[in-house]
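In: Model the following, please.
(one chain, ligands or ions: 1)
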Amino acid sequence: MRSLDDFQEITLRDEPLAPFTWLKLGGPAQYLISPRTVDELVEVVRCCHDLQVPIRILGGGSNILVRDEGVSGAVVRLSGEAFARIEIDGCRVTAGAGALLSNLISQTVKADLAGLDTLVGIPGTVGGALRGNAGGRSGDIGQHVSSVRVLTPLGELLVRHEDELSFAYRHSNLSEMTILDATFDLIPDSPEEINRRMRKIWIMKKATQPLTFQSAGCIFKNPRGMSAGLLIDQAGLKGTRVGNAEISDRHANFIVAHPTASAQDVLRLIDLARSKVNEQFAVDLELEIQIW
Ligand code: EPU
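Out: Have a look, this model is predicted:
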């Protein structure tokens, strides 16, 4: 049977994950594996399956909190060129899971294609955005997808077409899969219109979100018909600190990590926000970020 030692050339052992995350916190990955090709990725996924080694895919690191003790098993980074291709053919755009969402947005906007422009300002990779159906008030990524190529946990390559895909608020049915790439159907629009929309979204984000601090974006999903930020704010928690992590005084659904904060500080703030909101409003906040 193969072992993870067969992937030495592309594997780092006990590699700190903090530099790969927006919060810049947390411990190492037991194995950090960076496949160079799809074939190499297939081999890694199959090997992890056979050895029953848990596997996690690291995207842009903008929606995760890595615990201080780190992650056992394999963390896979799709950072190579093979995973970052963006191809535009008329209104049809294909993007690799490892491409930055911001890059995909700017390339489609340059081609006068509308749809993904409403995601402006959302960090991370295309794969991460698809898995969690990233979006905002003006729409989400799922509504523009026509197909997604994935690897199953057994390493089989499948194409999931529109009728097999399900996207809901910050949710997709792709979470068990390794996403390879996705095809989007976009709509031609005038550059003036596209830029006007993007400017508006940027201005709103800059005015309401702590974009210059280390954070993982919104920590909790909005409960149906409510705003998690508003509830945490009304619970009086803005500016509350545990260690060197703080509930943002600009937007209460953001936790900012000041220098020397630990993942444990953030976890304690998450627990505090959850319990205060539950006590005061009888609402259970559900995490939007992934905790590793
Ligand atoms: N509000 C407060 N206090 C706060 C935060 C918000 O009173 O501390 C109020 C606002 O004044 C507003 C309402 O709550 O009346 C909603 O707030 P906001 O407009 O900031 O939107 P949100 O629901 O908190 C959502 C997404 C954001 C996305 C924005 C804009 C979620 C959990 N959050 O925020 O997504 O950028 O809309 O489209 O769905 C993310 O997912 O990481 C994220 C930042």
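In: How about the contacts made by the residue nearest to the spatial centre of the chain?
Out: Centrality entry for the chain: nearest residue to the mean C-alpha point is G128, 3.9 Å, by C-alpha atoms, centre = their mean. G128 makes contact with G59, G60, S62, N63, L101, A134 under the criterion C-beta atoms under 8 Å, 6 or more residues apart in numbering. Glycine gets a C-beta too; all of them are placed from N, C-alpha and C.
In: Convert the C-alpha atoms of the helix or strand containing it to PDB, please.
Out: Secondary structure assigned from DSSP states H and E places G128 in helix 126-131. What follows is the C-alpha trace of helix 126-131 in PDB, where atoms were taken according to Å, rounded to 0.1, in the frame of the first residue of the first chain:
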ATOM      1  CA  VAL A 126     -12.900  30.000  -6.100                       C
ATOM      2  CA  GLY A 127     -13.000  26.500  -4.400                       C
ATOM      3  CA  GLY A 128     -13.600  27.900  -1.000                       C
ATOM      4  CA  ALA A 129     -16.300  30.300  -2.300                       C
ATOM      5  CA  LEU A 130     -18.100  27.500  -3.900                       C
ATOM      6  CA  ARG A 131     -18.000  25.200  -0.900                       C
END
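In: quick check, that helix touching the ligand?
Out: No. Applying C-beta under 6 Å from any ligand atom, one finds helix 126-131 separated from the ligand by no less than 10.6 Å.
In: Just give me the neighbour total for whichever residue of the stretch 51-200 of the chain sits closest to the ligand.
Out: Distances from the stretch 51-200 of the chain to the ligand, computed as C-beta to the nearest ligand atom, single out G136 as the nearest residue at 2.5 Å. By the criterion of other C-beta atoms under 10 Å, G136 has 15 neighbours.
In: thinking again about what came up before, keep only those of the contacts of G128 that are in helices.
Out: Secondary structure assignment by DSSP state H places L101 of those in helices.
In: related to what we said a few turns ago, from V45, how far out is the residue of the stretch 51-200 of the chain closest to the ligand?
Out: Using C-beta to C-beta, to the nearest Å, one gets 32 Å for the distance from G136 to V45.
In: now E9
Out: Distance of E9 to V45, computed by C-beta to C-beta: 17 Å.
In: V53 too?
Out: For V53, the distance to V45 under the criterion C-beta to C-beta works out to 10 Å.
In: next one: S72
Out: Counting by C-beta to C-beta, the separation of S72 from V45 is 17 Å.
In: could you pull out the strands for the stretch 51-200 of the chain?
Out: Assigned by DSSP state E, counting those that start in this stretch, the strands in the stretch 51-200 of the chain fall at 55-58, 64-65, 71-77, 86-89, 92-96, 113-114, 135-136, 139-140, 145-151, 157-161, 167-168, 171-172, 178-185, 187-188.
In: For A273, find the nearest of those strands.
Out: Distances from A273 to each of the strands of the stretch 51-200 of the chain were compared by C-beta to C-beta, and the smallest falls on strand 64-65, at 13.5 Å.
In: related to what we said a few turns ago, of S72 and V45, who's got more company?
Out: A direct count of neighbours by other C-beta under 10 Å for S72 and V45 places V45 higher, at 24 against 12.
In: Now the phi/psi pair for that one, please.
Out: Backbone dihedrals for V45, given as degrees, to the nearest 10, come out at phi -60, psi -40.
In: And the pLDDT at the closest residue to it other than its chain neighbours?
Out: Of all residues beyond its chain neighbours, the one nearest V45 is G155 (4.2 Å), with distances taken as C-beta to C-beta, 6 or more residues apart in numbering. In this model, G155 is scored at 96, pLDDT.
In: wait, G155 sits on I55?
Out: No. Counting by C-beta atoms under 8 Å, G155 stays clear of I55, with 10.4 Å between them.
In: Mind listing the shared neighbours of these two?
Out: Counting by C-beta under 8 Å, 6+ apart, the common neighbours of G155 and I55 are V45, H49.
In: and the closest residue to L151 other than its chain neighbours, what does it touch?
Out: Distances taken as C-beta to C-beta, 6+ apart put T178 closest to L151, at 4.2 Å, once the chain neighbours are dropped. With contacts defined as C-beta under 8 Å, 6+ apart, T178 is in contact with L41, V45, I55, I57, V76, A97, V150, L151.
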